[in-house]
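> Pasted the sequence and its predicted model underneath.
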Amino acid sequence: MPLTGHCLCKAVTYTAAVDQPLITAYDHCDDCQRQSGSTYSLVTVVPKDSLTINGPVKKYTSKGSSGNDVHRLFCSECGSPIAHDPDAAPPIIALKAGTLDTEIKKNLKPDTEIWTVSKLPFCSEHLEKPFKHMPE
Ligand SMILES: [Zn+2]
């Protein structure tokens, strides 16, 4: 079953033609905290060539913690973050998993945490596979 989702105002919709995500993780990097306005960003990683996005997407590009550009895609109407696309890992893209359809996101199985070096101290959740930075 493909992964489908949409932004808050529903102007942007997307489909990833995959059965399972490659990885579902908490991303604790400072940039994701700022973009999401929250403790961490819940991300579901899929092959970039599996993803089709429709609607008015804007892109904000800045240097990621790896030193390479990260392109952050968001709805130009309501501002919801949709995905981040790191140049450090060209074959993949990280969907902002809170935008997935409700029945899909309820069944996600996050098992990995990345950038725990900037994990906020009151965040008491701990997943199986923590990485201070990125997995190698
Ligand atoms: Zn929107």
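Done, it's in.
> How much space separates Thr39 from the ion?
22 Å (Cβ to the ion, to the nearest Å). To be clear about C-beta, it is placed using only N, CA and C from the backbone, and glycine gets the same treatment.
> ok, that residue - contacts?
Going by Cβ atoms under 8 Å, 6 or more residues apart in numbering, Thr39 touches 28, 33, 120, 123.
> Distance of it relative to Asn68?
25 Å (Cβ to Cβ, to the nearest Å).
> Do a quick rundown of the strands in the protein.
Here the chain has its strands, by DSSP state E, at 3-6, 13-16, 23-27, 41-47, 51-54, 57-63, 69-75, 81-86, 92-96, 112-114, 129-130.
> which helices and strands does the shortest one pack with?
Contacts of strand 129-130 with other secondary structure elements, assessed using 3 or more Cβ pairs under 8 Å, 6 or more residues apart in numbering; DSSP states H and E, are made with strand 112-114.
> Let's see that with 10 Å instead.
Helices and strands touching strand 129-130, by 3 or more Cβ pairs under 10 Å, 6 or more residues apart in numbering; DSSP states H and E, are strand 23-27, strand 112-114.
> Put together JSON lines for these, with mean pLDDT and distance to Val57 on each row.
Output for the helices and strands packed on strand 129-130, formatted as JSON lines (pLDDT from 0 to 100; distance: least, Cβ to Cβ, whole Å):
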{"stretch": "strand 23-27", "mean pLDDT": "96", "distance to Val57": "20"}
{"stretch": "strand 112-114", "mean pLDDT": "95", "distance to Val57": "24"}
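> could those strands be laid out in CSV, adding distance to Pro130 and mean neighbour count?
CSV is the format used below for the helices and strands packed on strand 129-130 (distance: least, Cβ to Cβ, whole Å; neighbours: other Cβ atoms under 10 Å):
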stretch, distance to Pro130, mean neighbour count
strand 23-27, 9, 22
strand 112-114, 5, 21
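> Looking at those strands, spot the one closest to Phe74.
When these are compared by Cβ to Cβ, strand 23-27 sits nearest Phe74, at 15.5 Å.
> Return the alpha-carbon coordinates of the closest one using PDB.
Provided in PDB are the C-alpha atoms of strand 23-27 (Å, rounded to 0.1, in the frame of the first residue of the first chain):
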ATOM      1  CA  ILE A  23      13.200   3.900   8.200                       C
ATOM      2  CA  THR A  24      10.900   5.800  10.600                       C
ATOM      3  CA  ALA A  25      12.800   8.000  13.100                       C
ATOM      4  CA  TYR A  26      12.800  10.800  15.500                       C
ATOM      5  CA  ASP A  27      15.100  13.600  14.100                       C
END
